[in-house]
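A.B. asks: heads up, no residue letters with this:
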C-alpha cells in the first residue's frame, strides 16, 4: 500500500459520520421486506467515514450476491437537514435483471465436454428465487435434462441458507465398464455456512436407475435392469484456496447413507485434503490425499473407480482395480495421493505474472480394492498399502482459479497390478477435480 493511500485512510478515519437514511431505488419485482431484512443490523456501528464506506460496499456485494440485479450504483450524500454535517444518506440505485434469462455454454469435466442450454426464470416470487431448466449433451453420448428451483431462505444472515429442489433425467455410457446408465430422480437440498466459513450441504435424493450392459462381462450383465435408491447426503467443505500464498488448502468430506426405502443399503464416506505451499519464487509444491470406503456390498453404479489423467495418471480412465473380461468392476475402498511440483516455463522470468501456465512434475500413488475392515484390521490395512500403484511424469498445466484445469503430461507408470490398463504415453486431462 502506498504512503498516499495510508494517509487517505487515516484522514477518512478521522471524519465523524453516521447514517441517517438509506434508499434503494429501482426495485420492481423484488419485495421491499427482503430489502428491509437485508438491512437488519447494518450501518448501526458507524463511527467515521471509513466505517461508512466499508459497510456501504459490503452491503453492495451482498445485494449483488442475490443474483437479481444487473447494476448497483452507490451515491453517498450529506443529510442537508443535519446541522452537524455528520449525518449521511446512502442511495443504492439498482437495475433488476429481466425475468427470463437464457444462455448457451459449455461444461468440461472428466475429459468430456458438454453443450449446455439453460433458461432461468428469475425472482419468481420477489425473494430472489430462481427456476431453471437445463438441457445438456456431450460428445460421449451423455445427455440430460434438469428442472431446478432455488430460493435463499435468510440471505441477510451469516449462515445464508439456500433451499434447492430438482427433478432430472441423465443418461450416458460408461465405456470402461461396458454399460449404459439412465438416472431419473428428484432431490431437495439445504446448503449453509457455519462457523469459520465452513460450508455444509444436506440432501435427500430418490433415484430410479436403469443399467443396460453392452460389454462381455457377465458380472456387469447380471446387474442390468432397474433399481431404486433413496439416500441422504452430507458434504462439508473448507475451501481456503487462493486466499494467500501461505493459506491455500481445501478439505472436503462426502457422506452418503442409502437405505431409506429402495432396494439398496450402504454407508459411503469419502474425503479429500489438498494443500499448496510456495518454495522459491514462483515454484510451489502441492500435496493431496483422497480416500473412500463403503461399508457393505453395493451395485456397480455406487462403487469407486480409480485411474485417469486427473487422478492416478499413467493409467486409462477408471482402468485401475478389479476387472472382468476387460470391464472395470469398481471397488468398495480406495485411496490415492499426489505430489505436484509447479514451476514457471523455462523461458519465463521467475517473477512472471503468467501464473496460469506452468511446468508440472508429479508423483501419484494409490490403491483400490474390496478390503473388508473386519476382524484383523492390521491385515487389511497392509493389503491396502502393499499392492500400491505408482506413476511419475512431467508436462504442462493450465489452471484458472474457480474455472478449469488442463494437463498435458508424459506419464511413466512404475508399478501396477494384473488387470490394470496402462497409458504409458502422453496423457491429456481436463476437469475441475484432480489429485
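C.D. replies: Arrived safely, thanks for sending. Quantities reported herein were computed from a predicted structural model and do not represent experimental measurements. Numbers count the residues shown, from 1 in each chain.
A.B. asks: residue 362 and residue 312 touch, don't they?
C.D. replies: No: counting by Cβ atoms under 8 Å, residue 362 does not reach residue 312; the two are 10.6 Å apart. For every residue, glycine as well, the C-beta is placed using N, CA and C.
A.B. asks: more neighbours: these two, which one.
C.D. replies: residue 312 (31 against 23; other Cβ atoms under 10 Å).
A.B. asks: give me the phi and psi angles of the more buried one.
C.D. replies: Backbone torsions of residue 312, given as degrees, to the nearest 10, read phi -90, psi 90.
A.B. asks: please apply the same query to residue 64.
C.D. replies: Residue torsions, per degrees, to the nearest 10, at residue 64 are phi -60, psi -30.
A.B. asks: okay, residue 385: pLDDT?
C.D. replies: Note on residue 385: pLDDT of 80.
A.B. asks: tell me how far it lies from residue 294.
C.D. replies: As judged by Cβ to Cβ, to the nearest Å, residue 385 and residue 294 stand 19 Å apart.
A.B. asks: got it, and residue 184?
C.D. replies: 23 Å.
A.B. asks: just residue 417 next, same as before
C.D. replies: 20 Å.
A.B. asks: which of these two has more neighbours?
C.D. replies: residue 294 (22 against 14).
A.B. asks: give the contact list for the more buried one.
C.D. replies: The contact partners of residue 294, taken as Cβ atoms under 8 Å, 6 or more residues apart in numbering, are 266, 267, 268, 302, 303, 304, 332, 333.
A.B. asks: okay, helices next: where are they in this protein?
C.D. replies: Secondary structure of the chain by DSSP state H: the helices cover 3-13, 32-38, 49-64, 218-221, 377-386.
A.B. asks: what mean pLDDT does the third one have?
C.D. replies: Which is helix 49-64. Helix 49-64 comes out at a mean pLDDT of 89.
A.B. asks: for it, buried residues please.
C.D. replies: 49, 50, 51, 52, 53, 55, 56, 59, 60, 63 (16 or more other Cβ atoms under 10 Å).
A.B. asks: surely the second one touches residue 12?
C.D. replies: Yes: with contacts counted by Cβ under 8 Å, residue 50 reaches residue 12, the gap being 4.1 Å.
A.B. asks: are any of the contacts of residue 294 buried, and if so which?
C.D. replies: By 16+ other Cβ under 10 Å, the contacts of residue 294 give 266, 268, 302, 303, 304, 332, 333 as buried.
A.B. asks: ok, these vs residue 104, which is closest?
C.D. replies: residue 302 (32.8 Å; Cβ to Cβ).
A.B. asks: so the residue nearest to residue 43 when sequence neighbours are not counted bridges to which residues?
C.D. replies: Leaving out its chain neighbours, the residue that sits closest to residue 43 by Cβ to Cβ, 6 or more residues apart in numbering is residue 19, at 4.1 Å. Beta-bridge pairing for residue 19 (DSSP bridges): residue 88.
A.B. asks: and the nearest residue to residue 288 once chain neighbours are set aside, what does it touch?
C.D. replies: Distance criterion Cβ to Cβ, 6+ apart; nearest residue to residue 288, sequence neighbours excluded, is residue 274 at 4.1 Å. Taking Cβ under 8 Å, 6+ apart, we find residue 274 in contact with 249, 250, 286, 287, 288, 289, 435.
A.B. asks: make a ChimeraX selection of the buried ones in the residues you listed.
C.D. replies: To isolate the buried members of those in ChimeraX, using 16+ other Cβ under 10 Å:
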select :249,286,287,288,435
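A.B. asks: show only the entries of the contacts of residue 274 found in strands.
C.D. replies: Secondary structure from DSSP state E places 249, 250, 286, 287, 288, 289 of the contacts of residue 274 in strands.
A.B. asks: dump those to CSV, plus pLDDT and distance to residue 162.
C.D. replies: Formatted as CSV, these follow (pLDDT from 0 to 100; distance: Cβ to Cβ, whole Å):
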residue, pLDDT, distance to residue 162
249, 89, 25
250, 91, 20
286, 94, 31
287, 95, 32
288, 95, 28
289, 96, 30
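A.B. asks: distance to residue 193 for these - can I get that in CSV?
C.D. replies: Formatted as CSV, these follow (distance: Cβ to Cβ, whole Å):
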residue, distance to residue 193
249, 18
250, 16
286, 26
287, 27
288, 24
289, 25
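A.B. asks: ok, those vs residue 343, which is closest?
C.D. replies: When the ones in strands among the contacts of residue 274 are compared for distance to residue 343 (Cβ to Cβ), residue 286 wins out at 12.1 Å.
A.B. asks: quick check: of the buried ones among the contacts of residue 294, which lies closest to residue 79?
C.D. replies: residue 268 (59.2 Å).
A.B. asks: so how far is residue 181 from the closest one?
C.D. replies: Distance from residue 268 to residue 181, by Cβ to Cβ: 17 Å.
A.B. asks: how many neighbouring residues does the closest residue to residue 290 other than its chain neighbours have?
C.D. replies: Take residue 290 and drop its neighbours on the chain: the residue closest to it by Cβ to Cβ, 6+ apart is residue 272, 4.6 Å away. A count of nearby residues for residue 272, using other Cβ under 10 Å, gives 18.
A.B. asks: pull the contacting residues for residue 272.
C.D. replies: By Cβ under 8 Å, 6+ apart, the contact list for residue 272 reads 250, 251, 252, 288, 289, 290, 435.
A.B. asks: with residue 383 instead?
C.D. replies: Counted by Cβ under 8 Å, 6+ apart, residue 383 has contacts 369, 371.
A.B. asks: can you check the one 3 residues further on too?
C.D. replies: Remark: with contacts taken as Cβ under 8 Å, 6+ apart, residue 386 is in contact with nothing.
A.B. asks: what residues sit buried inside stretch 259-277?
C.D. replies: 262, 264, 265, 266, 268, 270, 272, 273, 274, 275, 276.
A.B. asks: pLDDT on it, on average?
C.D. replies: 92.
A.B. asks: try stretch 32-45
C.D. replies: Mean pLDDT, stretch 32-45: 87.
A.B. asks: what about it, start to end distance?
C.D. replies: 23 Å (Cα to Cα, to the nearest Å).
A.B. asks: next one: that stretch to chain centre, how far?
C.D. replies: Distance of stretch 32-45 from its chain centroid, counting by Cα atoms, centre = their mean, to the nearest Å, is 30 Å.
A.B. asks: report the buried residues of it.
C.D. replies: Buried-residue list, stretch 32-45, by 16+ other Cβ under 10 Å: 34, 35, 38, 42, 43.
A.B. asks: for beta bridges, what are the partners of residue 337?
C.D. replies: residue 289, residue 365.
A.B. asks: hang on, the earlier thing: gap between the residue nearest to residue 290 and residue 221?
C.D. replies: Residue 272 is 33 Å from residue 221, by Cβ to Cβ.
A.B. asks: what do you get for residue 284?
C.D. replies: Counting by Cβ to Cβ, the gap from residue 284 to residue 221 is 47 Å.
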